[in-house]
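Trainee: predicted model and sequence below, questions to follow.
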Amino acid sequence: MSFDLRFLFSLISLVTLVFAHPSSSRRDDPCTVLAQGYEVLDDSPAINNALKTCGKGGTILLPQDQAYSIRSPLDFSTCRNCTLLIEGQLYISRDYDFWARSDSVFTLADVHGVTITSNTRKGLIDGQAIGYYTSWYNDVNAYGNRYWKFLTHITNRSSAISISNLEIRNPIHGFFVTRGNASDIHFENLTMTVEQQWGREPFNEASTFGFQIGNAVNVKARDIGMKFTHKEGLEGAQSPVGVCAAVDVGAYNVSLRDVSCEGAWGGALVMVGSVQPYLNGPGLGNIEFKNWAVVGSGKDGAATGFKDFHYGATKDFKTARSSYIGGRIHNIKWQDVVVTDGPPVVADFCYFRTRDNAAFTMACPANLKVDVGEVQFTGYEVGEGYTMPVKGWGGFNNRSSITLGFENWTMLRSS
């Protein structure tokens, strides 16, 4: 009898070990993680365990028939040349206070060779932030507010990052941000949606971002579809809201191609100060926006061009220096762009925007200096009433050097 009991306990221990770790019969087989099946149960620890176990050259599989509750961050720190296959659905916790204490849901810091994709192209990541958009937006005020979070943060010299073939919905404030000298980042075939954004306060026009690219080199995005909508029936709500792509200082060799941007206030922008405030920061260059369709940016929108974006309260404007002084903006090209309505290009180098409830302030400090050259806006199709800008457009004071070129503009045909 004692022998049988020892055998039974050994068998139980073996079964427990099998279910406590991701399933993988061979080293080259994927580590499969199954969801626990309840929203209140966090599936992140099991996924993180798989990333740790299989993260060195392996594949972690989240199967198609599984719905995962993500209640804590996913940790890629042990991932080296690994692949996370998201074939199922990831639902991010609606505990906004928790995420306020976290860096992001997906933090890629000092990691090299990470692929996040869906082979079936049916993988879903749902940020579940509609409740935040419709009830918590007034908690946002000024740079540093604790709710300003991104779904994915790529930083600390991370390299060889690929994210593709996914549908992503409703992150708290943004989809992707790059910082910290990251490099060799590739986005492809992504569908990105923001629904019921607040849209009532002045800062809402730039409260949610698709891509914020700063302090990164060799960044590519292809075949991206983005759509932003504001909450219907909200008194005082304005539309459009959000920014599809903002390229900031420290960004070099960036190519964003084949992109549709619907319902956003900002389309394809060089938006200095959007990632974080800069004083005497570096420049940016070799930026390409090609084959974009910007729909619904509106008469006050910014479909393409430049916005100087300053964080801080209105009271700071009297003494504020420019968020961009010194570094050079050069070799920027917008090519083959369709803008259905609103101004096709903007160049507001004196545009300071706050994250508080104040209206925007057009201010131009005396010491503001901008050096912009080798910039082309070519192959535009624009809405009725808009024509190609003339020489001298975009200049604002005699301390700045701005050289912009325009060619091959046509008006959209009436439907």
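Mentor: Arrived safely.

Trainee: residue 390: how many residues sit nearby?
Mentor: Residues near residue 390, counting by other CB atoms under 10 Å, number 7. Every C-beta, even on glycine, is put in place using the N, C-alpha and C of the backbone.

Trainee: from residue 181, how far off is it?
Mentor: 39 Å (CB to CB, to the nearest Å).

Trainee: can you give me the buried ones in stretch 38-56?
Mentor: Within stretch 38-56, the residues that count as buried by 16 or more other CB atoms under 10 Å are 42-44, 46-52, 54-55.

Trainee: ok, stretch 291-307 next?
Mentor: 291-298, 301-307.

Trainee: tell me which of the residues you listed fall in strands.
Mentor: Among the buried residues of stretch 291-307, the ones falling in strands (DSSP state E) are 291-295, 302-307.

Trainee: so what's residue 393 up against?
Mentor: If you count contacts by CB atoms under 8 Å, 6 or more residues apart in numbering, residue 393 has them with 347, 404.

Trainee: that's a helix at it, yeah?
Mentor: No: judged by DSSP: H, G, I helix; E, B strand; the rest coil, residue 393 forms no part of a helix; its state is coil.

Trainee: if I look at it, how far off is residue 260?
Mentor: When distance is defined by CB to CB, residue 393 is 27 Å away from residue 260.

Trainee: how about the helices in the protein?
Mentor: Remark: helices assigned in the chain by DSSP state H are 2-20, 44-54, 96-100, 130-135.

Trainee: tell me what the last one is packed against?
Mentor: The one in question is helix 130-135. With contacts defined as 3 or more CB pairs under 8 Å, 6 or more residues apart in numbering; DSSP states H and E, helix 130-135 has these neighbours: strand 182-197.

Trainee: what separates the strand it packs on from the chain centre, distance-wise?
Mentor: Relative to its chain's centre, strand 182-197 lies at 6 Å (CA atoms, centre = their mean, to the nearest Å).

Trainee: how about the CA coordinates for it, as PDB?
Mentor: Listed next in PDB are the C-alpha coordinates belonging to strand 182-197 (Å, rounded to 0.1, in the frame of the first residue of the first chain):
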ATOM      1  CA  ALA A 182      15.100  52.000 -30.300                       C
ATOM      2  CA  SER A 183      15.900  50.800 -33.800                       C
ATOM      3  CA  ASP A 184      14.800  48.500 -36.700                       C
ATOM      4  CA  ILE A 185      11.000  48.500 -35.900                       C
ATOM      5  CA  HIS A 186       8.500  47.100 -38.400                       C
ATOM      6  CA  PHE A 187       4.700  47.500 -38.300                       C
ATOM      7  CA  GLU A 188       2.500  45.800 -40.900                       C
ATOM      8  CA  ASN A 189      -1.100  44.900 -41.700                       C
ATOM      9  CA  LEU A 190      -2.600  46.400 -38.600                       C
ATOM     10  CA  THR A 191      -6.200  47.500 -38.000                       C
ATOM     11  CA  MET A 192      -6.400  50.100 -35.300                       C
ATOM     12  CA  THR A 193      -9.700  51.600 -34.000                       C
ATOM     13  CA  VAL A 194     -10.600  54.100 -31.300                       C
ATOM     14  CA  GLU A 195     -14.400  54.300 -30.500                       C
ATOM     15  CA  GLN A 196     -16.400  56.800 -28.500                       C
ATOM     16  CA  GLN A 197     -13.500  59.100 -27.600                       C
END
